[in-house]
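*Asks:* have a look at this prediction, sequence included:
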Amino acid sequence: MKALISPSGSGQMLPLPMNEYVQQNLAEVGIDVEFMVVEWNQMINLWRADAADTSVEGSQSINFSYFIQDPFTGLIRHVACSLIAPNGTNWGHYCDEEMENLIAKAKTTFDPEKQDAVLQSIHEKNVNDALFLMITHDVAPRTMSPKVKGFVQAQNWFQNFSGIEMAE
């Protein structure tokens, strides 16, 4: 298998060692992974081009640091049939009738509990169809010292540092 990766960019934690670790783990179960290493901005171009484009040089996967901040971005954006490039970011051309029905139901269900159940079904289908290999979720990583006072961890990328104090 050939995977597109980048050595840095977009706040990736340690992309090369992490990709090499995944490569080693997959080798243990008989999956050989070759890397196509590209600069981050080129990775964006290749992600938008999609898996069928000649510029990806036959790559079957892409390690792109997706952010997951809402149901559309985390569950729908990369799997909807209507979002295959050039219309969106369904890089691998995944298109499944059951998933499409779940997406339509999520978009037309307004009761929060019922919508959560539909979104759960979308998530389960993502997992059961093995659409993604989730490596890490770094939306809220942090290292704290007992000296730091007044910090409130946000549940997204945007932090407010205005109330922070350092104790002596």
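*Replies:* Good, I have the coordinates.
*Asks:* over to the residue nearest to Leu75 when sequence neighbours are not counted. Which of the three states is it?
*Replies:* Spatially, and ignoring its direct neighbours in sequence, Leu75 is nearest to Ile122 (4.7 Å; C-beta to C-beta, 6 or more residues apart in numbering). Every C-beta, even on glycine, is put in place using the N, C-alpha and C of the backbone. At Ile122 the chain is in helix, as set by DSSP: H, G, I helix; E, B strand; the rest coil.
*Asks:* now do the helices in the chain.
*Replies:* Along the chain, counting by DSSP state H, helices occupy 15-28, 40-49, 71, 97-108, 112-128.
*Asks:* mind checking which of those is nearest Ile164?
*Replies:* Nearest to Ile164, of all those, is helix 15-28, at 28.9 Å by C-beta to C-beta.
*Asks:* show the average pLDDT along that closest one.
*Replies:* For helix 15-28, mean pLDDT rounds to 94.
*Asks:* cool, and stretch 55-71?
*Replies:* 86.
*Asks:* ok so, going back, residues touching the residue nearest to Leu75, list them.
*Replies:* Pro71, Leu75, Ile76, Met99, Leu102, Ile103, Ala106 (C-beta atoms under 8 Å, 6 or more residues apart in numbering).
*Asks:* right, and the pair among the residues you listed with maximum separation?
*Replies:* The widest separation within these (C-beta to C-beta) is 13.5 Å, between Pro71 and Met99.
*Asks:* so the two - more neighbours on which side?
*Replies:* Neighbour count, other C-beta atoms under 10 Å: between Pro71 and Met99, Met99 has more, with 21 against 18.
*Asks:* what pLDDT does the more buried one get?
*Replies:* pLDDT recorded at Met99 is 98.
*Asks:* picking that back up, buried deepest among the helices of the chain, which one?
*Replies:* Most buried of the helices of the chain by mean neighbour count (mean count of other C-beta atoms under 10 Å) is helix 71; its value is a mean of 18.
*Asks:* run through this structure and note the low-pLDDT ranges.
*Replies:* Residues of the chain that meet the criterion pLDDT under 70 lie in 137-143, 155-158.
*Asks:* quick check, central residue of it?
*Replies:* Nearest to the geometric centre of the chain sits Tyr66, at 3.0 Å (C-alpha atoms, centre = their mean).
*Asks:* what is the burial count for the residue lying closest to that residue once chain neighbours are set aside?
*Replies:* Of all residues not flanking Tyr66 in the chain, His78 sits nearest, at 7.1 Å (C-beta to C-beta, 6+ apart). A total of 20 residues lie near His78 under the criterion other C-beta under 10 Å.
*Asks:* quick one: contacts for His78?
*Replies:* So His78 contacts Tyr66, Thr89, Asn90, Trp91, Tyr94, Leu131, Phe132 (C-beta under 8 Å, 6+ apart).
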